[in-house]
Structures are given as C-alpha cells and as structure tokens.
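dropping a prediction and its sequence here:
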Amino acid sequence: GYKRLLAPSMETEILMETKERADKEAIRVFAENLRELLLASPLGRKNILAIDPGFRTGCKVVCLDRQGQLKYNDVVYLHHADKPGSADAAKVAALCQRFEIEAIAIGNGTASRETEAFVRGIQFPGSIPVIMVNESGASIYSASDVAREEFPDYDVTVRGAVSIGRRLMDPLAELVKIDPKSIGVGQYQHDVDQSMLKQGLDDVVISCVNSVGVEVNTASKQLLQYVSGLGPQLAQNIITYRNEHGPFQSRADLKDVPRLGAKAFEQAAGFLRIRDAVHPLDASAVHPESYHVVDAMAGHAGCAVADLMRDGSLRSKIRLQDYVTDTIGLPTLTDILQELAKPGRDPRKQFEVFSFAEGVKQMEDLQAGMRLPGIVTNVTAFGAFVDIGVHQDGLVHISQLADRFVKDPAEVVKVHQKVMVTVTAVDLAKKRISLSMKDPSKPSPAPRSSAAAKSGPASKSSPGPKRPAASKPNPDSKPNSGEVRIKWTELW
C-alpha cells in the first residue's frame, strides 16, 4: 500500500510544495528588482536629444520637448568610414542649439560607447550632460500596439529612440508601457507560475505609481490605469475628456468624466496631481476629503492655504491634537502637515550623472585587477550583475559582494545602484566577466587546509578519553519478543 499509494502521493505533494516555495522566492526577487527600477531617479522635465546608436544603419536621433513630445527625428552616421563624421557632428550641435537641448541620452546597446565618445568630443554651445540609458525592453515597446497608437507615422527605430529619451526624463512613466517580464530584472521568470508572477508584478507597479503620484494633465493612458480606483476604461475616458475639454483645472473636474463615480474618485483623487490648479492642495497628496482640515488650520493661523504651505513658521504653530476627530487621527494629521511642507514631493532620489571608465569599451580592454565604476542591472539569489560599459554585464558572486558574510544580495545592492567593482577574471570565449565588490586593500583570509580542518586548532588541549564506539546491530540476530524490524528501504 505504501509503495503503490502513499509514496507517489507524498512525493507529488512535496514537489508541489517546494515548487511553490521556489516560485514565491523568485517572484519576490523579481518584484524587488522591478520596484527599484521603476523608482529610479528621474532627470525631470528637460529638452532631450536621444540617440539610439548603431554602426551600419546609423544612429537614430530624436529631439523631445519638456513634455516628452517628439519634435524632430533624423539619422546620422557617426561611425561610417566612407562618410565624414564632421558634418554629422555639426548637425548634432545645430540640433542642440535649435531645440535648446539640456541633456543627451544614449542607449547602451550596440555602438553605445563609441557614440558616447563621439558626442563628448563635439563642441556644444553650453555644458550639456551626456548620459547612458538602459534600453532593455525598448525594442519591445517600439513594436507594441501602444507605440503604434502613439506614433502611427514613424517606424520602430524612431519609437525606440523616443523611448530612450523618455526613460531619462521619467523612468516610471515610460516603463509602465512595457510588460515587466520584458525588462529582464528577474530570475527564472519563465519557469514560475505566470498568473502569480503577473499578479505580483502588477501589485508592484500599482504601488510605485501611487507612491509617486500622477500628473493627470500629462499622464498617458498606460500610467493612469495603474492608479488605484482606475482601470483601462476609466483611464481612456480621462484622456478623451482631457482632449475634448482641455486640461483639468481642479480635482473636482474629474467628477465630470463619464463613468468615474464617487467611489472611484474617492480612491483615485489622492494620487492624481494637477499642477497650477485653482486650489493649491490639488498639486499635493492631500485627499480632497481632508481639505476642510487644512482650511481650518489656515483659518486659525490667520492666513491662506498657500501661505501655510510656503511659511514653515506658520506650520510650526499648529497643534495637531486640536484637529483630531473620530474620522481623522493623529497619524493622518502628521502626514498632512508633512505634505504641506513639501507639496507633491517625489519620493525618488535626486538624479546623479554617471559615466563609465574612459578607455574601456569592450571585453578585450579588461584586465584582472582593474577598478571600474558600474551600475547594477539585476540582482539574483546568487549575486548581482553589473554593467561596466563593455556590452556584457559582469557577475558579482554573492561571496564577492562584501567583506562579510552575505545571506541575501538584496541587503547589499539594489537595481540601478552605482558601485565600484574589481575585475577578477575575464573569459573571452564564453563572454563571462567575474567581478568583486570587496575592498582590495584588505587581504583575503587564508583558506583552511584540509588537515587543519580535520585535526582542529592546535591550541586546543588534548582530547579526553575516547567514548566507546556504539555497537552496530547484528543483521543476523533475531528480534526480541514484541520488536518489529523494518528495513529502512521500505520507509522511502
């Protein structure tokens, strides 16, 4: 009965339980990486010149305004031997002056380092930063229905370049247009339960979008549909209403959107921002149902709400205990006061310009012992992958992440984190790069020899008397009365 019924059933149950446990862990790692990527530092509203680099087909160049709208596109051949690069360099410089470009974004794909070096050598009218942008998933977006709907008259190369430029301006607003599984920041993503993976990743995207907030007058349909209380249909209704009636002037105008009822407004209003609105709180995270509390604070302080938001001395005189009610507690009032200090604050970090090491553009340039700057592109259970600018990510094994024991790589590194690494080994045939984040000034501990491990430390005192060896059971001996003997193989 055991071999025929119990053993197969137990084996199947154990396999299912361990597979579910492994799926949950893989999805957790994927979700954490996705959260860090979505909450990457935005450059902000700038005039961007984005370049999708290439050798044979040329570099696709697009110019975007501060709202991310495409203003110009062209192709320049910066790396053709039969075409002089001086004319194309002058063209890029003229575009920067014509569209008042404030930053240049270059995709990190093929010919990226060569394009970066070429662009940095151009004499621009002013100081324009040149920034490398991770273009993972840009090709997926350029061929998607979303991109075709947004740019029906342009080919996939122009759409990909636009996506690169917008990622620099606001990574969250652009990455929500791509299936998270196409971004490539997880492990074993195709082997796990796909419904559980989709649910987990969607929850992360919703959490990130709501924590940052959405500018309702400029947001895309794909971004709006992740706001709590909204969905694809209500997001499309908001876009349609905005196109027909112009920008929203207040949050109250959202109630006029078809099919956006009271419950949906109650859930979504706190996450939607309206810049330069009639009511100053419409640009903050304060929910409309709490406006009367702020009005009461301003009335007791003898000033307007806008003055209360600007002047810290007025806010310091407020006693929150005076405004506690049955529906609004002290934690909510504390959050409201913090939001008044920094209305519409962005929880993401300040953007910092990053550049790879000069002279290291391909794997052949790497040598063991080099110290190079890099960006973490993926974190897994066994280590982290780091982009050092050679078109091939290197692996920092979990044992090389720190000078101490590391149980979980997420404790040390995060996706999009800037790190310094040391090249430990390069395998050109297999295209593998081994890196280390350990401090090179600290000597590595000497490994214990096998003899020392067996004998133990020499400083220990001589062992005491040996314990008598346990007697082995005699297989030929007969069992005592009442004893049941079962072979261990029968228990498996």
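Yes, it's here.

for residue 277, give its distance to residue 296.
For residue 277, the distance to residue 296 equals 20 Å [CB to CB, to the nearest Å]. Placement of C-beta: from N, CA and C, glycine included.

which residue of those two possesses the greater neighbour count?
residue 277 (20 against 13; other CB atoms under 10 Å).

residue contacts, the residue lying closest to that one once chain neighbours are set aside?
Spatial nearest neighbour of residue 277, excluding adjacent residues (CB to CB, 6 or more residues apart in numbering): residue 250 at 5.3 Å. Applying CB atoms under 8 Å, 6 or more residues apart in numbering to residue 250 gives the contacts 274, 277-279, 282.

buried residues in stretch 66-84?
Residues of stretch 66-84 classed as buried: 68, 70, 73, 76-79 (neighbour count, 16 or more other CB atoms under 10 Å).

next up, phi/psi of the residue nearest to residue 207 when sequence neighbours are not counted, please.
Excluding its sequence neighbours, the residue lying closest to residue 207 (CB to CB, 6+ apart) is residue 35, at 7.4 Å. Note on residue 35: backbone dihedrals following degrees, to the nearest 10 are phi -60, psi -40.

neighbours of residue 35, how many?
18.

from residue 161, how far out is it?
Taken as CB to CB, the span from residue 35 to residue 161 is 27 Å.

wait, the residue nearest to residue 207 sits on residue 206?
No - in this structure, residue 35 is not within contact of residue 206 by CB atoms under 8 Å, at 11.2 Å.

low-confidence stretches in the stretch 1-150 of the chain?
80-85 (pLDDT under 70).

helices of that one, start to end?
Along the stretch 1-150 of the chain, the stretches classed as helices by DSSP state H, counting those that start in this stretch are 7-38, 85-98, 112-120, 138-142, 145-150.

and of those helices, who's closest to residue 336?
helix 7-38 (25.9 Å; CB to CB).

contacting residues around the spatially closest residue to residue 46 that is not a sequence neighbour?
Spatially, and ignoring its direct neighbours in sequence, residue 46 is nearest to residue 102 (4.1 Å; CB to CB, 6+ apart). Going by CB under 8 Å, 6+ apart, residue 102 touches 46-48, 128.

so how far is residue 280 from residue 341?
13 Å.

same question but for residue 390, I mixed them up
For residue 390, the distance to residue 280 - CB to CB - is 50 Å.

more crowded one of those two?
residue 390 (22 against 19).

would you confirm that the more buried one contacts residue 363?
Yes - with contact defined as CB under 8 Å, residue 390 reaches residue 363; the gap is 5.2 Å.

need the overlap of contacts for the two.
Looking at what touches both residue 390 and residue 363 (by CB under 8 Å, 6+ apart), the common residues are residue 433.

what segments of the stretch 51-200 of the chain are strands?
Assigned by DSSP state E, counting those that start in this stretch, the stretch 51-200 of the chain shows strands spanning 59-64, 70-76, 103-107, 130-133.

list the contacts of the first one.
What that stands for is strand 59-64. By CB under 8 Å, 6+ apart, strand 59-64 touches 47-54, 70-79, 92, 95, 99, 101, 111, 115, 157-158, 160-162, 165-166, 169.

follow-up on the earlier one: among the helices of the stretch 1-150 of the chain, which is nearest residue 291?
helix 7-38 (29.7 Å).

point out where the stretch 351-492 of the chain drops to low pLDDT.
Looking at the stretch 351-492 of the chain by pLDDT under 70, you get 443-492.

if you set the cut-off to 50 instead, what comes out?
450-465, 468, 470-471, 473, 475, 477-492 (pLDDT under 50).
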